[in-house]
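A.B. asks: Output the structure for:
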Amino acid sequence: MNTQITYRQIGNEFSAAVIDLILPIQQEEFKVNVDLAAQPDLQAIEQYYQQSGGNFWGAFQGEQLVGTIALIAYQAGGGAIRKMFVRKEFRGKEWGIGQALLETLMTYAAQQRIRHLYLGTVSVLQAAMRFYEKNGFEQIPAETLPPAFPRMPADNIFYHRAL
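C.D. replies: Okay, here's the model as predicted:
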């Protein structure tokens, strides 16, 4: 892990920086058909993530936000991973940002007695899919998701990991 990177919980005061990080990755880099209107959580981080017992974390190089990950605690014992994004020039094992963010989330989830993590992604994000699989997530059919799982319309691939 690169020592130039710091990790911390973030809230609504970082909404603009989160939007500036995530939207270009979704829309420009990966051509995912999603806009800000479909993601109201980005402008209300504390309400969507923290009030339910989840959280939102940022990876920073100095004051620049270079990565994010979020957890929705949607039911007792169940959590949904959301908003896992790392700025392109900060990806890869040499930085270790994605791994550190995921480990931060999983440690927090275990402390909150969340025993099952689920996530949705889109099939175009092949590197993300390999990353989750390397970290013990197993791909599952959409119909096996818990009924309370908060699905995103663009997601077409789903994963689960027991903690």
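
A.B. asks: The lengthiest strand in the chain pairs with which strands?
C.D. replies: Longest strand in the chain, counting residues (DSSP state E): strand 64-75. Partner strands and pairing direction for strand 64-75 (DSSP bridges) are strand 55-61 (antiparallel), strand 78-86 (antiparallel).

A.B. asks: got a markdown table for those, with distance to Ala162 and mean neighbour count too?
C.D. replies: Where C-beta positions appear, they are placed from N, C-alpha and C, glycine not excepted. Converted to a markdown table, these look like this (distance: least, CB to CB, whole Å; neighbours: other CB atoms under 10 Å):
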| stretch | distance to Ala162 | mean neighbour count |
| --- | --- | --- |
| strand 55-61 | 20 | 22 |
| strand 78-86 | 11 | 23 |
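
A.B. asks: Please name the nearest non-neighbouring residue to Ala162.
C.D. replies: Closest residue to Ala162 apart from its sequence neighbours, by CB to CB, 6 or more residues apart in numbering: His116 at 5.7 Å.

A.B. asks: Contact partners for the one you found?
C.D. replies: Gly77, Gly78, Gly79, Pro146, His160, Arg161, Ala162, Leu163 (CB atoms under 8 Å, 6 or more residues apart in numbering).

A.B. asks: Same question for Leu125.
C.D. replies: Leu125 neighbours (CB under 8 Å, 6+ apart): Phe30.

A.B. asks: how near is it to Gly54?
C.D. replies: Using CB to CB, to the nearest Å, Leu125 is found at 22 Å from Gly54.
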